[in-house]
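> Sharing a model that was predicted from the sequence below.
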Amino acid sequence: MKLQKLVYYSQAWSLVWDEKPLFRARIEAWANGPVVPELYKEHKGQFQIDRWPKGDESSLDGDERGTVDSVLGFYGDKPPYWLSQLTHRESPWSDARKGVPTGEPSNVVITHEAMSDYYSSLLS
């Protein structure tokens, strides 16, 4: 769960600070918060991830690396449940979940626009 939230926040802040997405995969508004289904499929049932065989951190440019490092610096020491609860209080996830009963599955996409608009507003 924590990896999912850190990836979500990395994408959100990349949209704000770098004005571009960090990755192409979609983010969906699942019951426990934002989830990248592709990432979920790779790590389903794993509670600790020591390596990512499909990832290549050297493919990140300087701005992207800075964004990821900043996200890890701010959110990285937070517990998974805390991160999940934070996403539930923020409009990109809650707006995407409108009309979906609590705890029910959903594959509604959290749009880049929703993330960019919301997180940009936090800078004001």
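Sure, I can see it.
> The longest helix seen in the chain packs against which elements?
As far as residue count goes, and with DSSP state H defining each element, the longest helix of the chain is helix 62-75. Packing partners of helix 62-75 (3 or more Cβ pairs under 8 Å, 6 or more residues apart in numbering; DSSP states H and E): helix 2-13. Glycine gets a C-beta too; all of them are placed from N, C-alpha and C.
> got the contact list for the helix or strand that the helix it packs on is followed by?
With elements assigned by DSSP states H and E, the helix or strand that comes after helix 2-13 is strand 28-30. Residues outside strand 28-30 that contact it (Cβ atoms under 8 Å, 6 or more residues apart in numbering) are 34-37, 92-93, 96-97, 100, 105-110.
> Roughly how far does residue 54 sit from residue 69?
According to Cβ to Cβ, to the nearest Å, residue 54 stands 21 Å off from residue 69.
> the more surrounded of the two?
Higher neighbour count among residue 54 and residue 69: residue 69, with 13 against 7, using other Cβ atoms under 10 Å.
> List the contacts of the more buried one.
Listed by Cβ under 8 Å, 6+ apart, the contact set of residue 69 is empty.
> thinking again about what came up before, just the buried ones from the contacts of strand 28-30?
34, 35, 36, 92, 93, 96, 97, 110 (16 or more other Cβ atoms under 10 Å).
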